[in-house]
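sequence first, predicted model second:
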Amino acid sequence: MSNRSFMQHQAILDLIQGMARITRRHLQDRGITQPAMIGIHTGGVWVAQRLHQLLQIEPPLGQLDISFYRDDFTRIGMNPQVKPSQIPFAVEDRHIVLVDDVIQSGRTIRAAMNEIFDFGRPASITLVTLIERSGRELPIQPDIIGLEPPLADDEHIRLQGPDPLILEISGDPGNRGDA
Amino acid sequence: MSGGQLQTDEQGRLRHFLSIEGFRREQLLQILDTAESFAMLPGRQVKKVPLLRGKIITNLFFENSTRTRTTFELAAKLLSADVINFNVDISATSKGETLLDTLRNIEAMHSDMFVVRHSASGAAHFIARHVSPGVSVINAGDGRHAHPTQAMLDMFTIRRHKGDFTPLRVAIVGDVQHSRVARSQIMALNTLGVTEVRVIAPRTLLPADVRTLGVHVFHDLEQGLRDVDVVIMLRLQRERMENALLPSAHEYFQLYGLTAERLAYAKPDAIVMHPGPINRGVEITSEVADGPQSVILQQVSYGIAVRMAVMSMAMGNSSGEQDS
């Protein structure tokens, strides 16, 4: 089955605007005044670039490619498009806002947190994802979610971008609602 | 000894790294791109990544080379693999064990990868043909044949300084005849599509078939250096003089030693490379080796990132059963 467009650029930007508001309040409630932000390649970076601007976060945006930390490396091999991870600020004692596009199994976030700790010991990590969907395999939950669309187990949702941003769904919607 | 099929799986992914021969441009570029990511690691608090955690890598060196072995060992450790160093010239073969026996013995210790250095051309290919499925072999220099990771670290260094390969003129100076490094470099440079590869050497230090490698031959250093972007010096081995291929180190330096005056014939922003260890005053002056155009020490650092890339790419694609 072909890809179906689920959400267009402007709607996604509106969603990110809402996420920025909730993130700001979340950080205020916790007394965090000078956070730094890291986006996960590739979709997470696109979302993070906009959030970073909306929240006027001072340190430049960090970017993580978690290819070297994947737990399925020995099965699927090296990602041929691996990009260098760049964190242009000191992680030690810093409050980190970690951004990804979609959270499903939770394994990407596990890998990302391991990599962040290899740069230093952060004071805290707040997880922000554009989409939360079913299929968690690890006890990892986002703090801030843009949207939680009902998806069947066989459906996949992907963020295409960076300009325009488009959310696409592929796969079989047959048993939607089970989750 | 092309090893084309031997080196990659059906999908063209790296299994063994034995020689540059047989690889396409995109495959070499993918090694360089992966190495870029590893080159960022020294800036972090923890310099290791957990990619090869639980894997055993054996450095199988039939010929002594502390520097090469150390960089492979460091690369393996930064990938979180465990490393065994096996120097065969001082142990097994002197007791009459064959190459295959040695191999079987170390395999029984459950090694996942062999990094092989041998004085005989083709030794790494031989081992790659006989290892169990799922075990990878990296050639760390075999006879006069190939030293592909050295060539790739040189390509990485060139790309870091020059960006694009296509407009470049590169001169390789010295003992091409006995150099496995030069052969691998020439192959890599031509595959990556540089404008021109030159070799500059006396006739006695050039292989008879040198022109078939796709190079322009010069016997005069100043002429050969004119307008080049990259100068790669080769190490001159003393035994060549003993074999009467060269009159003396002094005379060699007079004709082929790289001095600041001669380097001035190259482009003003030309870089100077050398696989090390350098013979100061034989193939290169200290003024040039330590000068602003020299990138010799960067080559050593980049060598670790490039070896990490090759090791992890080969290992990621060799773990037996594929499973989606």
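That came through fine.

quick one, what contacts A:W46?
For A:W46, the contacting residues are A:39, A:101, A:159, A:161-162, A:165, taking Cβ atoms under 8 Å, 6 or more residues apart in numbering or on different chains as the criterion. Every C-beta, even on glycine, is put in place using the N, C-alpha and C of the backbone.

same list, those residues, but as CSV with distance to A:T108 please.
What follows is the contacts of A:W46, written out as CSV (distance: Cβ to Cβ, whole Å):
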residue, distance to A:T108
A:G39, 12
A:D101, 10
A:L159, 13
A:G161, 17
A:P162, 19
A:L165, 19
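
from those, which is closest to chain B?
A:G39 (16.2 Å; Cβ to the nearest Cβ).

surely that closest one is in a strand?
Yes. Assignment of A:G39 by DSSP: H, G, I helix; E, B strand; the rest coil places it within a strand.

separation between it and A:M113?
From A:G39 across to A:M113, the span is 14 Å (Cβ to Cβ, to the nearest Å).

okay, these two: which has more neighbours?
A:G39 (26 against 18; other Cβ atoms under 10 Å in any protein chain shown).

measure the spatially closest residue to the more buried one that is not a sequence neighbour to A:L165 for me?
Here the nearest residue to A:G39 in space, its sequence neighbours aside, is A:A48; by Cβ to Cβ, 6 or more residues apart in numbering or on different chains that works out to 2.9 Å. With the distance defined as Cβ to Cβ, A:A48 ends up 12 Å from A:L165.

more neighbours: those two, which one.
When neighbours are counted by other Cβ under 10 Å, A:A48 comes out ahead of the other of A:A48 and A:L165, with 27 against 23.

for that one, what are its contacts?
A:A48 makes contact with A:37-39, A:61, A:99 under the criterion Cβ under 8 Å, 6+ apart.

Three-state assignment for it, please.
A:A48 falls in the helix class when you classify it by three-state DSSP.

so what's it scoring on pLDDT?
pLDDT, the model's per-residue confidence, is 98 for A:A48.

got the buried residues for the longest helix along chain B?
Of all the elements of type helix in chain B, the one with the most residues (DSSP state H) is helix B:296-316. Neighbour counts using 16 or more other Cβ atoms under 10 Å in any protein chain shown place B:296, B:298-300, B:302-316 of helix B:296-316 among the buried residues.

next up, the contacts around the closest residue to chain A within the stretch 101-250 of chain B.
At 9.7 Å from chain A, B:D112 is the closest residue in the stretch 101-250 of chain B, using Cβ to the nearest Cβ. By Cβ under 8 Å, 6+ apart, the residues touching B:D112 are B:55-57, B:81, B:134-136, B:315, B:318.

out of those residues, which are close to chain A?
With Cβ under 8 Å from any Cβ of the partner chain as the criterion, the members of these in contact with chain A are B:M315.

just the buried ones out of the contacts of B:D112, please.
Among the contacts of B:D112, those that count as buried by neighbour count (16+ other Cβ under 10 Å) are B:55-57, B:81, B:135-136, B:315, B:318.

center of chain B, which residue is that?
For chain B, the residue lying nearest the average C-alpha position, counting by Cα atoms, centre = their mean, turns out to be B:Q150 (1.7 Å).

is it true that it touches B:P275?
Yes. Contact between B:Q150 and B:P275 holds when scored by Cβ atoms under 8 Å: they sit 5.6 Å apart.

so what sits against both of those two?
Listed as contacting both B:Q150 and B:P275 by Cβ under 8 Å, 6+ apart are B:V181.

give me the domain ranges for chain B.
If the domains of chain B are taken from automatic domain parsing, they occupy B:5-145+B:301-314, B:148-299, with pieces of a single domain joined by a plus sign.

mean pLDDT for these - can I get that in CSV?
What follows is those, written out as CSV (pLDDT from 0 to 100):
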stretch, mean pLDDT
domain B:5-145+B:301-314, 90
domain B:148-299, 93
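
name the residues that touch the longest helix along chain A?
When secondary structure is assigned using DSSP H, the longest helix within chain A turns out to be helix A:9-29. The contact list for helix A:9-29, computed with Cβ under 8 Å, 6+ apart, reads A:7, A:33, A:35, A:47, A:50-51, A:54-55, A:95, A:97, A:126, A:128, A:130, A:143-147, A:159, A:163-167.
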